[in-house]
Structures are given as C-alpha cells and as structure tokens.
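1. just a sequence and a predicted model for now, questions to come.
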Amino acid sequence: MAPETNVVTMVPCEVCSEQPPKYRCPRCEVRYCSLTCFKQHKLNTCGERGKLVQEQRRRTQQVRTIQCEAAAATVQEEENAVSMEMWDDGMDEGDEEDRVPLDRLQKLRDSEELQDLLCNPHLQRMIREVDSSDDPEVTMQRAMQEPIFVEFADQCLRVVEPQPNGTEQG
C-alpha cells in the first residue's frame, strides 16, 4: 500500500514551481515555499492577483446582498398582500388588548434586525408553513421549538412592545 500523500505537497510552489508550498499569501492566496518566493511574488504579481481576489469577494458579497434583499422584498410583498380584514377575523371584542396598532406593525417592516433574520431560508419556510397551515396553532407551537423562529418572535416583540421605561425599540 502506498503511503498517503498530502494533496498540498503534490502541488508545487506557485512562484518557483520547485518545492512544495508551505505558506499562502494573505492578500491573494497564492501558495509559495519560502521568503524568497514570497518577495518575488509580492514584487511581480501580488497586486494584480490580489485585486482579482478582492473583486471576486466583492462580487460574491454583492450577490449575497441582492439575494437577501430579494428574499426580504418577497416577504414584504407577502405581508403587504395581507389585508386588514384578516387581522379583524378571529378577534373578539375581549381580545382588543392583544391587538397591535398598525403604526407599531409598520415598525416591523423597518427593523433591520428582522430583515437580517428574514434572509434565513429555513425561517422563511417556517413562516410560510405557519401561514398556510390548516392548524396554525399547532404549527406555531412546533415552530417555537426552533431557535431561529424563537429569535424571530422575540425580535418581533421587541419591535412592537413598549419597553419598560416607556420607550420603544425599532
């Protein structure tokens, strides 16, 4: 049986192509074997490749931001589609104290913390399940066993409930 070989050692230094690389450039991630190769790399190609790596990272972050904003916009559109009649259905006269005023509900839309949480696809799926469930109470109880859903519910409450000192968080 042949001895195990490390994949990294099979790839030669990207600067001299002679020795296996031991280090990685922190700026552009080129692998090199020695201080001499690092200095040569830094003088010749690091700036160009570093710019490419940074540009790739920036684009990846932009894509993530766009995906997150699209997910938040989808959730916002779904929330906007719900009419106030749905809020009135199922509310008895005695439940008036549990009703959240519309101005406070609108603060949910503006909460950056909630928008960040709503980027989570697992949370989005759970919210849709509760919303479309034939038995929302049971589905909600099941969802409240998930830490991400509890975090979401807690953040909603922090936004809409007055704080003990009379101020509100938003």
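-> Received the coordinates, thanks.
2. please make it C-alpha for all contacts and neighbour counts, starting now.
-> Will do.
3. gap between the residue most central in space within the chain and Val75?
-> In the chain, the centroid-proximal residue (CA atoms, centre = their mean) is Cys119; its distance is 5.1 Å. Relative to Val75, Cys119 is positioned 9 Å away (CA to CA, to the nearest Å).
4. kindly report the same for Pro12.
-> For Pro12, the distance to Val75 - CA to CA - is 49 Å.
5. pLDDT averaged over the host helix or strand of Phe149, what's the number?
-> Using DSSP states H and E, Phe149 falls within helix 147-160. Taken as a whole, helix 147-160 carries a mean pLDDT of 90.
6. do stretch 131-144 as well
-> 91.
7. how far away from the center of its chain is that stretch?
-> The chain centroid and the centroid of stretch 131-144 are separated by 24 Å under CA atoms, centre = their mean, to the nearest Å.
8. who is Arg24 paired with across the strands?
-> Beta-bridge pairing of Arg24 under DSSP bridges involves Arg31.
9. my guess is it meets Cys37, correct?
-> No. Arg24 is beyond contact range of Cys37, at 11.0 Å (criterion: CA atoms under 8 Å).
10. more neighbours, those two?
-> Cys37 (18 against 15; other CA atoms under 10 Å).
11. so where is this structure shaky, pLDDT-wise?
-> 1-9, 47-53, 76-97, 162, 164-170 (pLDDT under 70).
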